[in-house]
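Asker: Based on what follows, work out the 3D shape:
(chains A, B, C and D)
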There are 2 protein chains.
Amino acid sequence: MSQSYVKEPPTLTDSARAVLRAIATDGPATRPQLSAALQFSKPTMSAAVSELEKYGFLTPAGVNRGNVGRTSITYSIGSKAGLVIGVDCGTTRIHAIATGIDGLQIAEVETTYEPLPDSQRFERVETVLSDILAKCPAQRSDLSCIVIALPNMISPTLARLPNRQRFLDVLARLSETYQVPILLENNVNCAALAEYHQGAARDHSFAVYMQIGVNVGMGIVIDGRLFRGFKGGAGEIAHLPFPWSESEQPAPLGVESYLGAKALLERAGETWKSKAQEAPGDTSKLFAIVESEPTASMIVDRHARDIGNLAAACVSVLDPELIVVGGGVGQNARLLPEIRNTVERLCWPVDIVVGELSNKATVVGAVRLAMDFALARLLGENAKAAFLFSPDQASRLVSV
Amino acid sequence: MSQSYVKEPPTLTDSARAVLRAIATDGPATRPQLSAALQFSKPTMSAAVSELEKYGFLTPAGVNRGNVGRTSITYSIGSKAGLVIGVDCGTTRIHAIATGIDGLQIAEVETTYEPLPDSQRFERVETVLSDILAKCPAQRSDLSCIVIALPNMISPTLARLPNRQRFLDVLARLSETYQVPILLENNVNCAALAEYHQGAARDHSFAVYMQIGVNVGMGIVIDGRLFRGFKGGAGEIAHLPFPWSESEQPAPLGVESYLGAKALLERAGETWKSKAQEAPGDTSKLFAIVESEPTASMIVDRHARDIGNLAAACVSVLDPELIVVGGGVGQNARLLPEIRNTVERLCWPVDIVVGELSNKATVVGAVRLAMDFALARLLGENAKAAFLFSPDQASRLVSV
DNA sequence: TCCCAATGGTAAAGCTCCTTAACTATTCAA
DNA sequence: TTGAATAGTTAAGGAGCTTTACCATTGGGA
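Answerer: Now for the predicted structure:
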């Protein structure tokens, strides 16, 4: 792959690579700590650190004194290691965060709007990017990667993106302006990655994130990496067969039209018709009265059981260690017991919890993806499993 | 992990490891070929080869003469690299194959019987193993791994194995007798691995194998490795929610009772009731008359559509590159067009083909798993993702 | 105040595993 | 018989690690 638009990082020794990875992943550390953790001798560690300092990838960040003995120096990621930007480009909000490759936040920009035509929405991404870069201190201006999260299935051809060409034009301009790799990712996948690294799925090795809100989707994270399938469609559970029985055949996107927030409210409306009061106008109102209003509780419990069926489908195919449920509807802990029961009844017991990151999950995940990509580039590895915009062949993305 | 019962293989240099892996995977080769393929210099290659010859892992296997120039020597896997055994322990048949770690077949034993109680079935495995080892030439007696494929979900606790304790006793005896690692794997997973490496999914990187017969199951292979999920339950699609609609709730194992061969024959029986002729007594008879008999064709097409729904469920969660359909019912190519249509209608187009290995798939896959494990051990890597019987703690398997 | 145990860091030498460069060995065909 | 082509070895050297020994800095106690 010729990435002529980005300069190649220097080739590092194995020891330097290990040190850079350790500090980027686990935070600042001293040479003795690193020697112990990575099993390198003292001279090797000195060489590795000075190699990384030379390139500005590492920088001293404090002195440690114990009860006795010589002081040690704590090293953290240096400014030349670059910064990354994650952007959550949603239907009513763009949220961008810039961090170093160690994840330390440098700047944040958030802008909301009434639903916009795609083209204008895409152009706002350009504004947000220039805004957030303006907020970054000058010495931290070595941008190394941008990740944009979109509420669409991201295949290498971007076939399923509405207004595809418009977006490719924006990408071409961004690529021209910033001269860095630009990765696209599905927003639910990003949220899954965020919950995995910094949310409810910390300390697990294999988690899935089910987003249940207006739309329905899933992200799969295995050993810290997103699982995307062959063309980015893994986790597109809105396509699961529903309804399906001896007498009924599935409809395309049947799950989404049955389990989406709109359908939930419509069912609530139907039920309320026979009553004097007005039906709840949005799902949070529905959940607000769930403990006091038997009708609401009935509707919610039925929804929980159906989410449980959906979860059971995922369990029977994937057998995850943990399921994190999120999204406007899914994040209500009230749903959990019934979801768990249904999964256990149909498959086997699985840990199921609600997400912790709420509506920040997607940006945080986009940033994480950018960090992973940037770090892999510094380390000379190839960051697999991401869709990279390639200016050379703007008609298709490159799977890297 | 202390595997005191097996002696540790020698530590090899990187170059020797690469050579051993290349020959085990791609077959015999000469030093110049290996140098070119692995990017090692001539002196390094000489050193690597003589290192491997010293341990008996490699052996000269022929001289090549070209039109001009010195002859070269082709090296193949040597006898000290060990042999492995894969066993398909089915309900009416035990089939075992012994090969070298390069996959070259050394011996084969097959025995069929009327359905037996589990205990007797397990004990037959012991007989088959001693039979097949007796058939191996004496100089190839360095057994290094046994894989047993079972028609059950293999979790680390073996919780879902009927007659669990009986089987553990057999394993303990086998472990004592042969002093080698014994791995257990689900038979469908094995078949998936076989189709991936030597069957219909050759030249693909991410394939799933759907077995549709008496039972229903799936195996997932990503980049040459089985994907098992957290406790071996990935691909247990018999647990997918079915029936599921606005009015119906799923039953445990609903898919299997609806899509299994038994249900198919029952539906056929129902349909035939209104006719003069007798209903087909097994599924192969049903498929034999499918072109001549409209009733049969109707039933088969309906079945195909439902298999398509099942496939769509897998596609929406996993997005595989290729689906291989096998099993007593699934291997009929007649089903393919309708399966493809259904998947495309609900998700997106996916390559779908029938399996090529028929009822040898499971043994072949078991052997492949054993080869992978044995090779990884020789190379000093840890073969991840397999369930290894551990004699120390016979009550649970170790996930390696 | 000065010494010393404890800890952090460096210098020197050497080992392993790879390379390049130059050579030798073997083969077939002209 | 000679030489072009290919296979393989020898020798020298370098990268990147280690071990061993030493030097440097610290706070506490004699």
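Asker: tell me, how many neighbours does the residue in the stretch 201-350 of chain A that DNA strand D sits nearest to end up with?
Answerer: Residue of the stretch 201-350 of chain A nearest DNA strand D, by CB to the nearest atom of the strand: residue A:224 (23.3 Å). Heads up, the C-betas are built off the backbone N, CA and C, glycines and all. By other CB atoms under 10 Å in any protein chain shown, the residues close to residue A:224 number 13.
Asker: Up against DNA strand D, what does chain A have?
Answerer: Residues of chain A lying close to DNA strand D (CB under 7 Å from any atom of the strand) are A:13-16, A:39-44, A:47-48, A:65, A:67-71.
Asker: What segments of the stretch 101-250 of chain A are strands?
Answerer: Counting by DSSP state E, counting those that start in this stretch, the stretch 101-250 of chain A has these strands, from start to end: A:105-112, A:143-150, A:182-186, A:206-212, A:216-222, A:225-226.
Asker: Which is the succeeding secondary structure element to the shortest one?
Answerer: Going down the chain from strand A:225-226, the next helix or strand is helix A:254-259, by DSSP states H and E.
Asker: any residue of that next one up close to chain B?
Answerer: Yes - Helix A:254-259 lies within reach of chain B by CB under 8 Å from any CB of the partner chain, at residue A:258.
Asker: So what touches that helix?
Answerer: A:212, A:215-216, A:237-243, A:251, A:263, A:303, A:306-307, A:310, B:246 (CB atoms under 8 Å, 6 or more residues apart in numbering or on different chains).
Asker: What's the ChimeraX line that selects buried ones from these?
Answerer: Only the buried entries of these go into this ChimeraX selection, using 16 or more other CB atoms under 10 Å in any protein chain shown:
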select /A:212,215,216,237,238,239,240,241,242,243,303,306,307,310
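Asker: Show me where chain A dips below the pLDDT cut-off.
Answerer: A:1-6, A:276, A:385, A:393-400 (pLDDT under 70).
Asker: Does residue A:323 touch residue A:207 like I think?
Answerer: Yes - the pair residue A:323 / residue A:207 is scored as a contact, 7.2 Å apart, by CB atoms under 8 Å.
Asker: one step back: look up phi and psi at the residue of the stretch 201-350 of chain A closest to DNA strand D.
Answerer: Dihedral angles of residue A:224 (phi, psi; degrees, to the nearest 10) stand at phi 80, psi 0.
Asker: Nearest to DNA strand C: which residue in chain A?
Answerer: Counting by CB to the nearest atom of the strand, chain A gets nearest DNA strand C through residue A:69, at 2.6 Å.
Asker: before we move on, which element is that residue in?
Answerer: With DSSP H and E as the criterion, residue A:69 is inside neither a helix nor a strand.
Asker: which residues sit in contact with it?
Answerer: Contacts of residue A:69 (CB under 8 Å, 6+ apart): none.
Asker: that older thread, just the buried members of the residues of chain A next to DNA strand D?
Answerer: Buried among the residues of chain A next to DNA strand D (16+ other CB under 10 Å): A:15-16, A:40, A:44, A:47-48.
Asker: Restricted to helices, list those residues.
Answerer: If you go by DSSP state H, these have A:15-16, A:44, A:47-48 in helices.
Asker: Pick out the most distant pair among the residues you listed.
Answerer: A:16 and A:44 (9.5 Å; CB to CB).
Asker: residues shared between the contacts of the two?
Answerer: Counting by CB under 8 Å, 6+ apart, nothing touches both residue A:16 and residue A:44.
Asker: my guess is residue A:376 contacts residue A:382, does it?
Answerer: Yes - counting by CB under 8 Å, residue A:382 is a contact partner of residue A:376 at 6.7 Å.
Asker: More neighbours: which of the two?
Answerer: residue A:376 (18 against 10).
Asker: Please give me every residue in contact with that one.
Answerer: A:382-383.
Asker: What separation is there between residue A:124 and DNA strand D?
Answerer: 45 Å (CB to the nearest atom of the strand, to the nearest Å).
Asker: if we can go back for a sec, just the closest of the ones in helices among the buried ones among the residues of chain A next to DNA strand D to residue B:60, please.
Answerer: For those, with residue B:60 as the reference and CB to CB as the criterion, the closest is residue A:15, at 38.6 Å.
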